[in-house]
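Q: sequence and predicted structure, then a few things I'm wondering about:
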Amino acid sequence: MTDLPTDDAASRRDGPEPGHLNRALDAPRDRAWLRAAQLGAAVWLAFHLLVPLRYYALADHDVYDERFAWRMFSAVRVQRCQIAVDETAVAGTRRVNLTTILPMPWIALVERNRPAVQRGMLAHLCTRPTAPSSVEVRSECIEASGERAPTVRRSIECASGEITESRDGGEP
């Protein structure tokens, strides 16, 4: 049988080496770091859940807003709309050809009945050299179910910049 060394030097060699891996896990420094990591993870998770869910919490949310991946599968995506834009000037009312004044990606967003895009387009059309007194965009859409959606009219009075919106025959 071999005798085991009993001196202090030998026991130090066989024991744990000094360093952070051998500290007790409940050391105050580790608990503080663990709490900070847990808090950071909770804030990150809450942010990623609450930002998309605020869409449902806001009373005046834009049903056509599909910035989040899970919204891309909504029925709004398959809705088809016909858009008509008319401007009124001194000479009368005439239809606006959007392909001559807007880039195609904007036209696609206008045709998808995006309110913010349509309002921006109306304001842009008021700055044209033809100087219209008012501009109206009319959206007639068919829902995914095949039913006709209410016609949406958005118009702007160019002198004041006031935009009004209505659905089906002037209902506000």
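A: Thanks, I have it.

Q: from Met104, how far off is Leu98?
A: 9 Å (C-beta to C-beta, to the nearest Å). Placement of C-beta: from N, CA and C, glycine included.

Q: with Thr130 instead?
A: From Thr130 to Met104 the distance is 22 Å (C-beta to C-beta).

Q: which of these two has more residues huddled nearby?
A: Thr130 (12 against 9; other C-beta atoms under 10 Å).

Q: check contacts around Thr151.
A: Arg138, Ser139, Glu140, Arg167, Asp168, Gly169 (C-beta atoms under 8 Å, 6 or more residues apart in numbering).

Q: and if you look at Glu111?
A: Glu111 makes contact with Cys81, Ile83, according to C-beta under 8 Å, 6+ apart.

Q: can you give me the pLDDT of it?
A: Looking at Glu111, its pLDDT stands at 87.

Q: quick one, phi/psi of it?
A: phi -70, psi -20 (degrees, to the nearest 10).

Q: what does Pro103 give?
A: For Pro103, the backbone dihedrals (degrees, to the nearest 10) come out as phi -70, psi 150.

Q: walk me through the domains of the protein.
A: 20-57, 78-167 (automatic domain parsing).
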